[in-house]
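Novice: just a sequence and a predicted model for now, questions to come.
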Amino acid sequence: MSDLSQLRLFITHPHDCSYLEDEEAVTLFVDPAVTIDGNTYSKLSAAGFRRSGPHIYKPRCPSCQACVPARIPVELFKPSRRQKRCLNNNRDVEILSKSVGNTEEHYQLYERYISARHSDGDMYPPSRDQFESFLNCEWGNTRHMEFRLDGRLIGVAVCDHMDDALSAVYTYFDPDLPKRSLGVYGILKQIALTKELGLTHLYLGYWIKNCSKMSYKTEYRPLDVLINQNWLHLS
């Protein structure tokens with residue numbers, strides 16, 4: 001479907017916000033019965049939507065606009081000193097790209113990561129059903145970038161290949177290797193992959209200024225943010 005104006009959308013009832021205390025969230029969902037192709041997914045991403053499993057959504061909170069879509073224009077990106085150190089510290093990491101990521105090895109790492117890093121969030125406790133329904137999608141053209149150290153899986157960056165961009169869906173990693181900054185490494189390697197594929201942007205999801213879990217995205221400069229349906233460089 002090339003004309004987004006013809007898409008049917010559904011809106012949720014207000015519910016507790018997962019990111020900001022004392023805030024209520026309302027979410028807009030694309031009709032799950034609609035057949036989504038790569039071109040439609042690309043246009044929806046450019047309009048500020050995200051994917052969770054097969055569902056495409058966008059915050060539509062009447063009293064809050066804190067969730068700001070963000071993406072990196074990869075040709076303009078310049079790594080900071082900290083980011084260069086991260087790449088240098090992980091020179092011994094082997095990277096493999098897979099189209100399938102729902103193996104038992106992947107799930108065991110995901111389970112450890114969620115239990116150690118996000119035990120206070122909506123994704124805890126982790127389950128195999130949650131893992132598969134959250135990350136996988138039949139039409140997403142999804143890649144699972146494996147990070148291996150001496151053959152051992154230490155991280156996975158999940159991203160979708162769209163018409164002109166990659167979308168960073170989720171990164172999970174060994175919580176016992178904090179000095180490697182594998183979350184940062186995952187984004188840096190997705191930026192590199194976006195360039196290698198000749199694509200223009202890496203979508204990072206939503207930047208939330210007053211949420212520490214989301215504020216890290218401003219460390220990647222320049223960062224484009226969607227304001228009033230216009231993509232602008234974040235100053």
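Specialist: Looks like it arrived, so ask away.
Novice: contacts and neighbour counts: CA atoms only from here.
Specialist: Noted.
Novice: which element is Asn88 on?
Specialist: helix 81-89 (DSSP states H and E).
Novice: what is that helix packed up against?
Specialist: Judged by 3 or more CA pairs under 8 Å, 6 or more residues apart in numbering; DSSP states H and E, helix 81-89 is in contact with helix 182-196.
Novice: pull out the buried positions in the helix it packs on.
Specialist: Leu182, Gly183, Val184, Tyr185, Gly186, Ile187, Leu188, Gln190, Ile191, Leu193, Thr194, Lys195 (16 or more other CA atoms under 10 Å).
Novice: again with stretch 106-119
Specialist: His106, Tyr107, Leu109, Tyr110, Glu111, Arg112, Tyr113, Ile114, Ser115.
Novice: what's the closest non-adjacent residue to the residue positioned nearest the centre of the chain?
Specialist: Closest residue to the average C-alpha location of the chain: Val169 at 3.0 Å, with CA atoms, centre = their mean. The shortest distance from Val169 to any non-neighbouring residue, by CA to CA, 6 or more residues apart in numbering, is to Cys159 (5.0 Å).
Novice: after whichever helix or strand that neighbour is part of, next one along is what?
Specialist: Using DSSP H and E, Cys159 maps to strand 152-161. Beyond strand 152-161 on the C-terminal side, the first helix or strand identified by DSSP H and E is strand 165-173.
Novice: check contacts around Met145.
Specialist: Ile95, Leu96, Ser97, Lys98, Val156, Ala157, Val158, Cys159 (CA atoms under 8 Å, 6 or more residues apart in numbering).
Novice: rewinding a little: now pLDDT and distance to Phe147 too, for the buried residues of helix 182-196, in a markdown table please.
Specialist: Formatted as a markdown table, the buried residues of helix 182-196 follow (pLDDT from 0 to 100; distance: CA to CA, whole Å):
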| residue | pLDDT | distance to Phe147 |
| --- | --- | --- |
| Leu182 | 98 | 9 |
| Gly183 | 96 | 11 |
| Val184 | 97 | 13 |
| Tyr185 | 98 | 10 |
| Gly186 | 98 | 9 |
| Ile187 | 98 | 12 |
| Leu188 | 98 | 13 |
| Gln190 | 98 | 12 |
| Ile191 | 98 | 15 |
| Leu193 | 97 | 14 |
| Thr194 | 98 | 17 |
| Lys195 | 98 | 19 |
